[in-house]
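*Asks:* Curious how this folds, go ahead:
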Amino acid sequence: MACFLNKSIPSSLLLLIFCFISTTAELQRLRHEPNYDHDALNFLVVGDWGRKGQYNQSKVALQMGRIAEELDMAFVVSTGDNFYEDGLTGVTDPDFRQSFTNIYTSKSLEMQWYNVLGNHDYRGDVEAQLDPTLRSVDCRWLCMRSFVVNAQVADLFFIDTTPFVDKYFTHPGGHIYDWRGVLPRKNYIQNLLKDVEFALKESTATWKVVIGHHPIRSAGHHGDTQELVEQLLPILEDNNVHLYINGHDHCLERISSSDGQIQFLTSGGGSKAWRGEVKDENAGEIEFYYDGQGFMSVQLTHSDVHIVFYDVFGKALHKWSAPSSNQLNWAI
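*Replies:* This is a model prediction of the structure:
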């Protein structure tokens, strides 16, 4: 795998400059500087993928490469559960190459990957995925617990959602979670929420996009994450967040909030999918649901947003667009 910063990469691919900006609490700041039109931002979203190519992971990766080439993407967002079943065992774990480097091989995917952690990642050596050493193995990789990416027309807020979920602490189901860097949990969550709220209020971007592993609203197997509904959602609503993007449920879906302010987008079809597992608790707000493998593209400009969900064959299953507006009711 050639490094995307290598001069041999075609000029059509972007160059990135990361500027670390001082911050407090849990949220680190990055700036994404592309070498193309600053009035547009295109990126792919995939989640729940790390299975050494199995369960159609390789087929999804192939189609991601095709769409990335067609739409001139800036980067890829991973919504977590990057390595199944139990994360990585360390920075030398061969699963990193077998589930990431050796799978996403299209030249058009030689770009930055922004990754959040999922609950399965916390079952292994969670700090291995956060270790900068992995960038020497594959320079596309960047994973932090929580961080902000300032990118042209949008600010992207990546949130570490696993520590919010009570059951991982009270009834772990026989699994061992690596809580280094999280405990004491109450302080960790309070600091994170405080910093997220501050960063959202501070943002002047046309689009505010929040990414986490766990869904806030979902009609899939796991359904709504009540802890996020109670603790995170009010902050998003108060600060005019436009998109909340997640994985965890192994499906593709779009749900509108009751007032139309936030679109809840699930892209958790990177490998193993859960056929037939649909709940109706959000039935009145479900705009799209697909219980198979696939991924999503996001295109943002100062004037509009364009979302497309693709299946494992690269077929566009669902498209949605809306104008840039602070109004509560978006055009469908």
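*Asks:* So what's the gap between the lengthiest helix in the chain and the chain middle?
*Replies:* Using DSSP state H, we find that the single longest helix of the chain is helix 185-202. Relative to the chain's own centre, helix 185-202 is displaced by 19 Å; criterion: C-alpha atoms, centre = their mean, to the nearest Å.
*Asks:* Likewise for stretch 217-236?
*Replies:* Put simply, stretch 217-236 sits 15 Å off its chain's centre (C-alpha atoms, centre = their mean).
*Asks:* what do you get for stretch 207-216?
*Replies:* Centroid separation for stretch 207-216 versus its chain: 7 Å, with C-alpha atoms, centre = their mean.
*Asks:* For that stretch, measure first residue to last.
*Replies:* End-to-end span of stretch 207-216 (C-alpha to C-alpha, to the nearest Å): 19 Å.
*Asks:* Could I get the average pLDDT for it?
*Replies:* Mean pLDDT, stretch 207-216: 98.
*Asks:* Identify each buried residue in the longest helix of the chain, please.
*Replies:* For helix 185-202, burial by neighbour count (16 or more other C-beta atoms under 10 Å) applies to Tyr188, Ile189, Leu192, Leu193, Asp195, Val196, Glu197, Ala199, Leu200. For glycine as for every other residue, the C-beta is placed from the backbone atoms N, C-alpha and C.
*Asks:* Packing partners of it?
*Replies:* Contacts defined by 3 or more C-beta pairs under 8 Å, 6 or more residues apart in numbering; DSSP states H and E place helix 185-202 against strand 154-159, helix 233-238.
*Asks:* coming back round to it: any chance of the buried residues of helix 185-202 in CSV with distance to Gly268 as columns?
*Replies:* As requested, the buried residues of helix 185-202 are exported to CSV (distance: C-beta to C-beta, whole Å):
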residue, distance to Gly268
Tyr188, 24
Ile189, 23
Leu192, 22
Leu193, 24
Asp195, 26
Val196, 22
Glu197, 26
Ala199, 25
Leu200, 24
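*Asks:* For Met111, state which of the residues you listed is nearest.
*Replies:* Ala199 (24.2 Å; C-beta to C-beta).
*Asks:* Tell me which of the helices and strands packed on helix 185-202 sits nearest to Glu253.
*Replies:* Nearest to Glu253 among the helices and strands packed on helix 185-202 is helix 233-238; the distance by C-beta to C-beta comes to 16.9 Å.
*Asks:* Could you list every helix and strand in contact with that closest one?
*Replies:* If you count contacts as 3+ C-beta pairs under 8 Å, 6+ apart, helix 233-238 packs onto helix 185-202.
*Asks:* which other residues reach the helix it packs on?
*Replies:* The contact list for helix 185-202 (C-beta atoms under 8 Å, 6 or more residues apart in numbering) reads 23-27, 29, 146, 148, 155, 157, 159-160, 163-164, 169, 179, 182, 208, 231-232, 235-236, 238-239, 241.
*Asks:* between it and strand 154-159, what angle do the directions make?
*Replies:* Interaxial angle of helix 185-202 relative to strand 154-159 (axes from the mean of the first three to the mean of the last three C-alpha atoms, to 10 degrees): 170 degrees.
*Asks:* which stretches of the stretch 1-150 of the chain aren't confidently modelled?
*Replies:* Scanning the stretch 1-150 of the chain for pLDDT under 70 picks out 1-26, 34-38.
*Asks:* still on that earlier bit, most tightly packed of the helices and strands packed on helix 185-202?
*Replies:* Most buried of the helices and strands packed on helix 185-202, by mean neighbour count (mean count of other C-beta atoms under 10 Å): strand 154-159, with a mean of 25.
*Asks:* Pull out the buried residues from the next helix-or-strand element following that one.
*Replies:* Using DSSP states H and E, the helix or strand that follows strand 154-159 in sequence is helix 167-170. Neighbour counts over helix 167-170 (16+ other C-beta under 10 Å) mark Tyr168 as buried.
*Asks:* which residues touch the most centrally placed residue in the chain?
*Replies:* Geometric centre of the chain, nearest residue: Thr79, 3.1 Å, by C-alpha atoms, centre = their mean. Contacts for Thr79 (C-beta under 8 Å, 6+ apart) come out as 45-48, 116, 118, 211-213, 245-248, 267-268.
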